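Asker: What follows is a predicted structure for the sequence shown.
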Amino acid sequence: MSISTSWRTAAITAGAIALAAGAAQAQDKEIVIGLQCDRTGPTQIVGTVLCPGYHDYINLVNSKGGVEGYKIKAIEIDHEYKVPPAMEAHERFKKDGAVLEGVYGTPQIAALTKKLEEDKILGTSPGFGTAAAADGKRYPYIFPIAASYWSQGAAAVDFAKRQLGGSLKGKKIAYIYFDNPAGKEPIAVIEDLAKIEGFEMRTFAVPSPGVEMAAQVLDITGRFKPDFVIAHLFGRAPSVSIKEFKGKGYPLSKVVSLVWGSSEADIQAAGGYGVAEGYHTMQFAGVGSDFQVIKDINAMYKAQGKSPPKEQETSVYYNRGLMIAALHVEAIRNAVKAKGGAKPTSEDVKNGMEALKDFTLGGMVPPITVTPEDHEGGGWVQVWTVKGGKLVKDGEWFQAYRDVIKKHLQAIN
Amino acid sequence: MLHRESGVFKTSYAADMALYPLPIARWTVAAVILLFAVVLPLTVHEYYLSIVNLVLIAIVGALGLNILVGYTGQISVGHAAFMSVGAYTAANLAVHLHLPFWVTLPAGGLMAALIGGIVGIPSLRIKGLYLAIATLAGQLIIEWIINHTPAISGGAQASIEVPRPVFMGRQIKTQGQLYYFLLFFAVLATLATLNLVRSRIGRAFVAIRDQDIAAEIIGINIFRYKLLSFAISSFYAGVCGVLYTYYFGIANYEAFQIGVSIDYLAMIIIGGLGSVLGTIFGAIFVTMLPIVLRLTMEPLGGLFFDAGELSSIIASTRLILFGCLIIFFLVVEPEGLNRLWRNIRNYFRVWPFSY
């Protein structure tokens, strides 16, 4: 016991010295943001692309003189999708004076919910975490700022309705999902919509890690024979589902995937665009490189004598990184403006985030409007379809069944 | 540790069994207690306390696993599942019955002990890798049950928010307050383990580990002690899960998946199987090494790269270094950090002579 503790002290002291030596003093004209990432864990397929996108946007803002005269410093911590390091990351951000935190991962945002509120630092959870976090009164410091799983589920039903000629009466919809809390979350909303719209809905669970779903897909295509399929899968599972549906001869033009089964990487892993022709993907940020902001970033790289980052090839996740960074920066901009140019506190930035209105970043971001009541920003999504070797936009930003979502939000209070 | 005895002058069994045979050892213990109870929390920034807090929780869980794997020789890869059993038991009691932490904490431990005893039943017939697979099944079954039973998990999100623990009318919520809360239980768990392993039960565990047939012949009830080992180990895991729950303010089974079980196995293997001190070394090593590596790489790498590039480099390099260091330490001393520490100590005991 005595031996252990002295060893422990030594280790802690060593760590403390190492940090003290490197800790830069926060400057007056610098605003710190914390970003949690998963570049090395089970969801690295997202993190290795999303986080470089985030940094690219911050660098772009800084290269243009920063936000209202303030430089942005983004500290990134890779938590490997583990929960305890998320708490360590939060404490580190707090120590370095971060005004907001980009959290990554459903278990991580759950574990930090209480601490963020106690420390009065806002955390964003774009596209994951509990749908209830849309309620700003209940979770004042959690900001999904992108469509929750409820909104995504509702939007998928709306999309199916349009694809099936405007009515779902008597139709059959299959919901195939990853058997975890995130996968199960939309079920309640879709079940509700089944009653309202008069369609038959059946759920098919895919157990973790989701690389084996022949039985479920056979059940769907051979027995249930649905008119439309909503898929909500993560990691390697989406690509497997594309292959299985293709293999069973089910038309992929009748499948829509929620936001985490929607990247170029999933399509490539399934065997390429030829295999996935017709597959519908749901997005909360724009897809492709045809946006002014990406041109600006490439110009910035060119000015430094570098070629554009290869991460841009997976534009779905790269653009999401840009979107998250852009919303963070806009919240800070609002906060600085509201304080008349003074350095904002985390509380000011929270108010700045709640003042976001119709910010679109040249079409890459939906017309998000965040209010103190609605931290989700409206639940906007876009559907992009695999067509002729690339993802093609299938209509504009839309939101669906907001009254049903509102009813569910009220029901949990 | 820093002292050496000049001979053996023990005249009674009590003196022989004492945890700290020399007065100077007791003073060292007192100094260390002073350091951790007073000096550290008063001098160190809250951030470093948050790291120590993670280590303290890990120590409780790793001690439990070492009782089972290190002392009794039964492999388990279902340790994290028992943590989630403790976590959800405590969370449900705290939220639905408004019970304070000093009730929910042992209750979570006891429930985990019960489930652990049941999952341990296969150990009566199978050993080694076969038992590992049986406990793996336990891990997956428990995860599945929690995920699919809203009565336990509290709904589709499978997470229950718990209020902060209250001690003497005050909420324990800052890292400093949580530090004392966790330190108390980590010390309690360490003392309990130190005493358990030198008791009749502990010696029975070791006998079973060394040769279970021989243990049975000398009169140890294998049935009873194997299940007892699973139950005690799971009790620690349950308490560890409750501590996580109070630390984060939420019970969520996704924080206790199979990867966590592997992390805890790594802790006790790196630290040293069948050693309390080694468990503590291992918990420190596995929890703190990634953090320390990052903290040292940040200022160094900051000289050459910009923030975005640096993040990418650190994330990958840290993983490589972490793996290399584990291999390095295990090659240098396969019996773990504890043995390494003892070798160094023994060398300096007789220094400057070689023996």
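Answerer: Nice, thanks for sending it over. Numbering: from 1, shown residues only, chains lettered A, B, ... in the order given.
Asker: Mark out where each domain of chain A begins and ends.
Answerer: A:27-147+A:289-354, A:149-283+A:381-411 (automatic domain parsing).
Asker: Relative to B:Ser311, which of these is closest?
Answerer: Among the domains of chain A, domain A:27-147+A:289-354 comes nearest to B:Ser311, with 3.9 Å by Cβ to Cβ. From N, CA and C alone the C-beta is placed, and that goes for glycine too.
Asker: What ranges does chain B have for its strands?
Answerer: Along chain B, counting by DSSP state E, strands occupy B:159-161, B:166-167, B:170-171, B:250-252.
Asker: hmm, back to that, tell me which of the domains of chain A is the most buried.
Answerer: Most buried of the domains of chain A by mean neighbour count (mean count of other Cβ atoms under 10 Å in any protein chain shown) is domain A:27-147+A:289-354; its value is a mean of 21.
Asker: what does the stretch 151-300 of chain B have sitting close to chain A?
Answerer: B:156-159, B:161, B:164, B:173-175, B:190-191, B:194, B:244, B:247-250, B:252, B:254-255, B:259-260, B:263, B:276-277, B:280-281, B:284, B:287-288, B:290-292, B:294-296, B:298-300 (Cβ under 8 Å from any Cβ of the partner chain).
Asker: Filter those residues down to just the buried residues.
Answerer: Among those, those scoring as buried are B:156-159, B:161, B:164, B:173, B:175, B:190, B:244, B:247-250, B:252, B:254-255, B:260, B:263, B:276-277, B:280-281, B:284, B:287-288, B:290-292, B:294-296, B:298 (criterion: 16 or more other Cβ atoms under 10 Å in any protein chain shown).
Asker: thinking again about what came up before, for chain B, which of the domains of chain A is the nearest?
Answerer: Chain B sits nearest to domain A:27-147+A:289-354 of all the domains of chain A, at 3.0 Å, using Cβ to the nearest Cβ.
Asker: I'd like the average pLDDT over the closest one.
Answerer: What domain A:27-147+A:289-354 shows for mean pLDDT is 91.
Asker: what do you get for stretch B:166-181?
Answerer: Stretch B:166-181 comes out at a mean pLDDT of 88.
Asker: Can you mark which positions in that stretch are buried?
Answerer: B:172-173, B:175-179, B:181.
Asker: Could you export stretch A:325-333 as PDB, CA atoms only?
Answerer: Output of stretch A:325-333 as PDB, limited to C-alpha atoms (Å, rounded to 0.1, in the frame of the first residue of the first chain):
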ATOM      1  CA  ALA A 325     -17.200  24.000 -36.800                       C
ATOM      2  CA  ALA A 326     -19.200  26.600 -38.600                       C
ATOM      3  CA  LEU A 327     -22.000  26.500 -36.100                       C
ATOM      4  CA  HIS A 328     -19.500  26.700 -33.200                       C
ATOM      5  CA  VAL A 329     -17.900  29.700 -34.800                       C
ATOM      6  CA  GLU A 330     -21.300  31.400 -35.500                       C
ATOM      7  CA  ALA A 331     -22.300  30.900 -31.800                       C
ATOM      8  CA  ILE A 332     -19.000  32.600 -30.800                       C
ATOM      9  CA  ARG A 333     -19.600  35.400 -33.300                       C
END
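Asker: Could you give the separation of it from the chain centroid?
Answerer: In terms of Cα atoms, centre = their mean, to the nearest Å, the centre of stretch A:325-333 is found 16 Å from the chain centre.
Asker: That one and chain B in contact?
Answerer: No: judged by Cβ under 8 Å from any Cβ, stretch A:325-333 makes no contact with chain B; its nearest approach is 10.8 Å.
Asker: What residue in chain B comes nearest to chain A?
Answerer: For chain B, Cβ to the nearest Cβ, closest residue to chain A: B:Pro299, 2.5 Å.
Asker: how about the strands of chain B in TSV, adding distance to B:Leu340?
Answerer: Shown next, in TSV, are the strands of chain B (distance: least, Cβ to Cβ, whole Å):
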stretch	distance to B:Leu340
strand B:159-161	40
strand B:166-167	38
strand B:170-171	42
strand B:250-252	36
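Asker: ok, back up a step: please flag which of the buried ones among the residues of the stretch 151-300 of chain B next to chain A sit within helices.
Answerer: Under the assignment DSSP state H, these contribute B:175, B:190, B:244, B:247-248, B:260, B:263, B:276-277, B:280-281, B:284, B:287-288, B:290-292, B:294-296, B:298 to helices.
Asker: Remind me what the helix ranked longest in chain A packs against, helices and strands.
Answerer: For chain A, the helix with the greatest residue count under DSSP H is helix A:315-338. The helices and strands touching helix A:315-338, judged by 3 or more Cβ pairs under 8 Å, 6 or more residues apart in numbering or on different chains; DSSP states H and E, are strand A:30-37, helix A:44-63, strand A:71-78, strand A:98-102, strand A:122-124, helix A:264-269, helix A:292-303, helix A:346-354.
Asker: Next, format the ones you listed as TSV and append distance to B:Arg198.
Answerer: TSV is the format used below for the helices and strands packed on helix A:315-338 (distance: least, Cβ to Cβ, whole Å):
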stretch	distance to B:Arg198
strand A:30-37	44
helix A:44-63	45
strand A:71-78	42
strand A:98-102	47
strand A:122-124	47
helix A:264-269	55
helix A:292-303	64
helix A:346-354	51
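Asker: Adding distance to chain B as columns, could you present the ones you listed in TSV?
Answerer: As requested, the helices and strands packed on helix A:315-338 are exported to TSV (distance: least, Cβ to the nearest Cβ, whole Å):
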stretch	distance to chain B
strand A:30-37	7
helix A:44-63	3
strand A:71-78	4
strand A:98-102	12
strand A:122-124	13
helix A:264-269	17
helix A:292-303	11
helix A:346-354	16
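Asker: of all the ones you listed, which lies closest to A:Ile173?
Answerer: helix A:264-269 (21.2 Å).
Asker: Can you tell me the strand partners of the helix or strand that comes right after the closest one and which way each runs?
Answerer: Where DSSP states H and E defines the elements, the next helix or strand beyond helix A:264-269 is strand A:280-283. Note on strand A:280-283: by DSSP bridges, its sheet partners are strand A:255-257 (parallel), strand A:382-387 (antiparallel).
Asker: For my notes, please list the ones you listed in a markdown table and give distance to B:Gly61 for each entry.
Answerer: Converted to a markdown table, those look like this (distance: least, Cβ to Cβ, whole Å):
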| stretch | distance to B:Gly61 |
| --- | --- |
| strand A:255-257 | 37 |
| strand A:382-387 | 44 |
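Asker: Please name whichever of these is nearest to A:Gly47.
Answerer: strand A:255-257 (19.5 Å).
Asker: average model confidence for the closest one?
Answerer: 95.
Asker: what residues does that strand touch?
Answerer: Applying Cβ atoms under 8 Å, 6 or more residues apart in numbering or on different chains, the contact partners of strand A:255-257 are A:156, A:159-160, A:228-233, A:238, A:241-242, A:245, A:266, A:278-282, A:383.
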